[in-house]
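Visitor: the sequence isn't on hand, but the structure is:
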């Protein structure tokens, strides 16, 4: 997942609009390609995953929460500086080193637009089967 996240971060920085032909094709994970938007069922399930891992119930994951989540998916925790970078990229207006649920959804939407097979594997590791 660490490599996938780095790839998604790079792609998010240089993302270009998809062609209108691609927009009209049925996507297994997204309801919209521009901007990438997860299907409501998938978003709801990821919100539940986020809530279950938000141990202090503040609506934000710390870099340590994120690191544990990535370790769960990848088998190894990424370096903390990577987690800070992830939070900076997807955290929106959250305090530094914090990730709101919308940030997690944005990451999965970006990854789904670019690497749907990877998202499907990650969802499977979370017990979410399509």
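Guide: Yes, it's here. Everything quoted here is computed from the prediction, not taken from an experiment.

Visitor: neighbouring contacts of stretch 90-99?
Guide: Here stretch 90-99 makes contact (CB atoms under 8 Å, 6 or more residues apart in numbering) with 60-63, 65-66, 83-84, 86-88, 100, 102-104, 106-107. Just so you know, the C-beta spots here come from the backbone N, C-alpha and C atoms, and that holds for glycine as well.

Visitor: make a PyMOL selection of the buried ones in these.
Guide: Selection of buried members from those for PyMOL, criterion 16 or more other CB atoms under 10 Å:
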select buried, resi 60+61+62+63+65+66+83+86+87+100+102+103+104+106+107
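
Visitor: which ones among the contacts of stretch 90-99 lie within strands?
Guide: Taking DSSP state E as the definition of strands, the contacts of stretch 90-99 contribute 60, 61, 62, 100.

Visitor: now the closest residue to the first one other than its chain neighbours: phi and psi?
Guide: In this case it means residue 60. Among residues not flanking residue 60 along the chain, residue 98 sits closest, at 4.2 Å (CB to CB, 6 or more residues apart in numbering). Backbone torsions for residue 98, taken as degrees, to the nearest 10, come to phi -120, psi 150.

Visitor: burial count for residue 98?
Guide: Number of residues near residue 98 (other CB atoms under 10 Å) recorded here: 19.
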